[in-house]
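Peer 1: Quick one, fold the following:
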Amino acid sequence: MNTASRHFLWLYAKSQLRLKYRHTSLGFLWNFLEPACYLIVLSLVFSVVNRMQVHDYAVFLFSALIPWRYFENVVNGAMESIVGGAWLLKKIYVSPLAFPCIRWIVASVEFLFSFIVVLLLFVFIKDTWTIHLLILPISIMLWSIFGLGLGLICAVIFTFFRDIKPIVQMFMMFIFFSSPILFKSEMFKDHAVQSMLLRLHPMTYFASLFQKPIYYALWPSYTDWGITMGCSVTAIALGYYLEQKFKSRFYFYL
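Peer 2: Below is the predicted model:
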């Protein structure tokens, strides 16, 4: 991406943030209120399902749900970004890569607000704070890279096949409900089928990057780091490769 594209990326991302909240009464305050309400409702409902105290379950839920929502926003936003930017791509010279990156920047800013909300809620519901929380910036970097990589892959495919959108959304829903974000993996015995499936689930290890430091007061294991780094590097490399390989053909499908 050249200097002009990077400059465009930054200016367009700022304009998208302004436009998103320009006609709302509360503006950026929605970034605080919406995740707070969402998390409180889920905590009340699923604490009953998981047979846990609301106080305890809320800490568990918040630890992985916030990065998951960020990841989901990056993938869904990036998927339609190149097609959504067709009107600009046809008028000025800019790298198609800029549009998924813009959605990534917007989602990252919104994640920052959501994470501030969680930290404020933790002041009231979390009993102990440990040094393990210092690892969280590295943890979110891996979620971020993985999300951008999958978003790039989806953006390339969506440019040629618009009907993949519901397929991607259903796949994301399946990943969410089959991973230990809403429930604890300890609910299943070690030799149970569900437990073995969770060990094969990549989101189990991404969730651990937040659940272990926040809820269990533990450092993520070498396995957690290895699998998440491998998935992130593979996704971003494949996404970039596909974007570079097919970008000359995008204009015929926009």
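Peer 1: Helices along the stretch 101-250 of the chain, start to end?
Peer 2: All helices of the stretch 101-250 of the chain, identified by DSSP state H, counting those that start in this stretch, fall at 136-160, 165-178, 193-200, 202-211, 222-250.
Peer 1: Present the ones you listed as JSON lines; the columns should include distance to residue 72.
Peer 2: C-beta coordinates here come from the backbone N, C-alpha and C atoms, glycine included. Listed next are the helices of the stretch 101-250 of the chain as JSON lines, based on distance: least, Cβ to Cβ, whole Å:
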{"stretch": "helix 136-160", "distance to residue 72": "8"}
{"stretch": "helix 165-178", "distance to residue 72": "6"}
{"stretch": "helix 193-200", "distance to residue 72": "19"}
{"stretch": "helix 202-211", "distance to residue 72": "11"}
{"stretch": "helix 222-250", "distance to residue 72": "14"}
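Peer 1: any low-confidence regions in the protein?
Peer 2: 1-36, 38-40, 42-55 (pLDDT under 70).
Peer 1: Closest to the centroid, which residue in the protein?
Peer 2: Nearest residue to the geometric centre of the chain (Cα atoms, centre = their mean): residue 71, 0.8 Å.
Peer 1: right, so of the helices of the stretch 101-250 of the chain, which gets closest to residue 115?
Peer 2: Ranking these by their distance to residue 115 (criterion: Cβ to Cβ) puts helix 136-160 first, at 8.0 Å.
Peer 1: Can you check what angle separates the closest one from helix 202-211?
Peer 2: Between helix 136-160 and helix 202-211, the angle comes out at 150 degrees (axes from the mean of the first three to the mean of the last three Cα atoms, to 10 degrees).
Peer 1: and helix 136-160 with helix 165-178, angle?
Peer 2: Going by the same axes, to 10 degrees, helix 136-160 makes 150 degrees with helix 165-178.
Peer 1: other SSEs contacting helix 136-160?
Peer 2: If contacts are counted by 3 or more Cβ pairs under 8 Å, 6 or more residues apart in numbering; DSSP states H and E, helix 136-160 sits against helix 54-79, helix 81-84, helix 98-125, helix 165-178, helix 202-211, helix 222-250.
Peer 1: Those: which one's closest to residue 195?
Peer 2: helix 202-211 (10.3 Å).
Peer 1: can you count the residues close to residue 72?
Peer 2: 17 (other Cβ atoms under 10 Å).
Peer 1: Equivalent analysis for residue 187, please.
Peer 2: Residue 187: 13 neighbours (other Cβ under 10 Å).
Peer 1: so how far is residue 195 from it?
Peer 2: Distance from residue 187 to residue 195, counting by Cβ to Cβ, to the nearest Å: 9 Å.
Peer 1: Also residue 162?
Peer 2: 39 Å.
Peer 1: So these two - more neighbours on which side?
Peer 2: Higher neighbour count among residue 162 and residue 195: residue 195, with 14 against 11, using other Cβ under 10 Å.
Peer 1: contacting residues around stretch 194-201?
Peer 2: With contact meaning Cβ atoms under 8 Å, 6 or more residues apart in numbering, stretch 194-201 is reached by 178-180, 185, 188-189, 204.
Peer 1: buried stuff in it?
Peer 2: Within stretch 194-201, the residues that count as buried by 16 or more other Cβ atoms under 10 Å are 198, 201.
Peer 1: same thing with stretch 234-254?
Peer 2: Within stretch 234-254, the residues scored as buried using 16+ other Cβ under 10 Å are 235-236, 239, 242-243, 247, 250.
Peer 1: Repeat that for stretch 133-143.
Peer 2: Residues 133, 135-136, 139-140, 142-143 are the ones in stretch 133-143 that count as buried (16+ other Cβ under 10 Å).
Peer 1: same thing with stretch 56-76?
Peer 2: Of all the residues in stretch 56-76, those buried under the rule 16+ other Cβ under 10 Å are 56-76.
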